[in-house]
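generate coordinates for the sequence data below:
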Amino acid sequence: MRGDSITYAGYLGFLVGFIGLGLFVYALAVGSAVAGVIGAILVVTDIATVALFRAGARRRAEENDSGIEIPGVNIFATPLERDEIDRYLMQYRGVQRSDDDEQSGARLVSIPAGAPSRREENRLAA
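Next up is the predicted model:
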């Protein structure tokens, strides 16, 4: 399974857990003997959901080929392609990645806070 498929299975388990929680509360309210079984199923579903989210995050981190490390705990991070990152840096930051940076694996340094980019300077000058 791909990382996002595992994460979607985790979301499905999350929804099933809420349904189970509702059934559990209802079973407790009416004094049903089935409440213990539903509670056990709820615990198993919650444990499986946590395991699926963690497995999905690890798989997404493994599938990342952008060269930027994504922590395995971030399930919402979409791995970016290197050309997407370069296009962003060129368009919005005015930075072009050199061949030396690419070969050495050096990280790009962003513009310090407060220093306007060329695009901002052009906009302010107009």
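
low-confidence ranges in this protein?
1-3, 64-80, 96-118, 120, 126 (pLDDT under 70).

what about 90?
1-11, 13-14, 16, 52-126 (pLDDT under 90).

what segments of it are helices?
All helices of the chain, identified by DSSP state H, fall at 3-30, 35-63, 82-88, 99-104, 118-125.

Throw those into TSV and include mean neighbour count, thanks.
To be clear about C-beta, it is placed using only N, CA and C from the backbone, and glycine gets the same treatment. Compiled in TSV, these are given as follows (neighbours: other Cβ atoms under 10 Å):
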stretch	mean neighbour count
helix 3-30	15
helix 35-63	16
helix 82-88	13
helix 99-104	10
helix 118-125	10
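
domains of the protein?
Residue ranges of the domains in the chain are recorded as 3-63, 82-125, according to automatic domain parsing.

surely Thr45 is in contact with Gly13?
Yes. Between Thr45 and Gly13 there is a contact under Cβ atoms under 8 Å: 5.8 Å.

any idea how far the closest residue to Ala48 other than its chain neighbours is from Leu124?
Leaving aside its sequence neighbours, Ala48 sits nearest to Gly13 (Cβ to Cβ, 6 or more residues apart in numbering; 5.5 Å). The span separating Gly13 from Leu124 equals 51 Å under the rule Cβ to Cβ, to the nearest Å.

noted, bye for now.
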